[in-house]
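**Student:** Predicted model and sequence below, questions to follow.
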Amino acid sequence: MNIKLIRPGLFCLIVLLSQASIKAQVQESMTPSKIKSFGLSGAHLQLKEENLHPKVHGALAAGLNYQSIKWGNSLRLFRLDLGYARPKTYLEAVGYSVNARIQAQYQYLWSIKKANNWHYLSGAQALASYQINYYPNWDDSHLYWANQFNLGWASRLCYFTESKGSWILSSSLSVLSLYSRPDALRQYKIDDLSASGILSALHSNMNLGSLNRNLNLSLACEYRFKLSAKHAQSIGYRYCYQRSESDISRLFQSSVHSLSYNFYFL
């Protein structure tokens, strides 16, 4: 056997193993077992409430988000989003309407595939979403809402770079929903605006439906960069679309494009 041929082969093998070790260390360093984050976001919001009229309301919106992530054999994620906007139609000079959004989601994702610096996870999601709107220029006597509790599918694709950064692509889709919408024709001229009256209204007219009756879609892309062993930050983009209708309520649609800056505690 030729020793001169063995030495270059051993050298190449050592280099390849060292590169694989570096990649594994990078991936491990970017996926600590527990992660928490807080974020600020700015968004462009569009609403179409056909119980009111077919015109589109639009506005710039502000938001806050909180995340808690636990890694192990699976990934468990809890996320809370708050949003606020003053939308208006093209006929209005000033946005007197109010849009308030609160959404909580929980995801349980299983590891599907790992390859070098890639990691793909997929699993189940439970979501609770409240979207409340008030349009005083058009109807100062009633609140409008599109609230839902749903079960669905979620996925997450992570790519870990060698420069202490990571790209995260995520998506989720509702499958089965319990949702609430107001009557298209109200029985009373003025809603009960007491705390108990509002809570009762927001959970009235509950319907059970799938994608053809209530749809909630979310797509997100985020780049996270590590600052130290305990801190990281990220820039993210998220698109959310909601569509709801029932036998007693006309179509509601909302579309939100948002940019966020997030602070991670590892």
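**Tutor:** Noted; the coordinates are in hand.
**Student:** Thought residue 251 was touching residue 50, still the case?
**Tutor:** Yes. Counting by CB atoms under 8 Å, residue 50 sits close enough to residue 251 to count as a contact (4.7 Å). From N, CA and C alone the C-beta is placed, and that goes for glycine too.
**Student:** And residue 197, which helix or strand is it part of?
**Tutor:** Using DSSP states H and E, residue 197 maps to helix 195-202.
**Student:** For that helix, buried residues please.
**Tutor:** residue 201 (16 or more other CB atoms under 10 Å).
**Student:** So what are the sheet partners of the helix or strand just after that helix and their directions?
**Tutor:** Next in sequence after helix 195-202, counting helices and strands by DSSP H and E, comes strand 206-209. Strands that pair with strand 206-209, judged by DSSP bridges, come out as strand 165-180 (antiparallel).
**Student:** Now do the partner strand, average pLDDT.
**Tutor:** Average pLDDT, strand 165-180: 96.
**Student:** ok, and what's touching the helix holding residue 197?
**Tutor:** 130, 132, 143, 145, 147, 180, 182, 191, 192 (CB atoms under 8 Å, 6 or more residues apart in numbering).
**Student:** ok, the third one to residue 79 distance?
**Tutor:** With distances taken as CB to CB, to the nearest Å, residue 143 is found 26 Å from residue 79.
**Student:** now the fourth one
**Tutor:** For residue 145, the distance to residue 79 (CB to CB) stands at 21 Å.
**Student:** Which one's more surrounded, those two?
**Tutor:** Ranked by neighbour count (other CB atoms under 10 Å), residue 145 and residue 79 place residue 145 first, with 23 against 18.
**Student:** So the more buried one sits against residue 181, correct?
**Tutor:** Yes. Assessed by CB under 8 Å, residue 145 is found in contact with residue 181 at 7.2 Å.
**Student:** related to what we said a few turns ago, want to try CSV for the contacts of helix 195-202, with secondary structure and distance to residue 104 as columns?
**Tutor:** Shown next, in CSV, are the contacts of helix 195-202 (DSSP: H, G, I helix; E, B strand; the rest coil; distance: CB to CB, whole Å):
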residue, secondary structure, distance to residue 104
130, strand, 9
132, strand, 15
143, strand, 21
145, strand, 16
147, strand, 12
180, strand, 16
182, coil, 22
191, coil, 25
192, coil, 26
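**Student:** ok, so of those, who is nearest residue 165?
**Tutor:** Nearest to residue 165 among the contacts of helix 195-202, counting by CB to CB, is residue 130 at 34.7 Å.
**Student:** residues of stretch 86-99 that come out buried?
**Tutor:** Buried residues in stretch 86-99, counted by 16+ other CB under 10 Å: 87, 88, 89, 95, 97, 98, 99.
**Student:** Span of that stretch from start to end?
**Tutor:** Across stretch 86-99, the terminal residues are separated by 6 Å (CA to CA, to the nearest Å).
**Student:** how far out from the middle of the chain is that stretch?
**Tutor:** 25 Å (CA atoms, centre = their mean, to the nearest Å).
**Student:** Check the gap between residue 48 and residue 256 for me.
**Tutor:** Here residue 48 is placed at a distance of 13 Å from residue 256 (CB to CB).
**Student:** With neighbour numbers in mind, choose between these two.
**Tutor:** More neighbours surround residue 256 than the other of residue 48 and residue 256, with 24 against 18 (other CB under 10 Å).
**Student:** For that one, give me its contacts.
**Tutor:** Contacts of residue 256 (CB under 8 Å, 6+ apart): 43, 44, 45, 46, 61, 83, 238, 239, 240, 241.
**Student:** Which among the residues you listed count as buried?
**Tutor:** The buried subset of the contacts of residue 256 (16+ other CB under 10 Å) comprises 43, 45, 61, 83, 238, 240.
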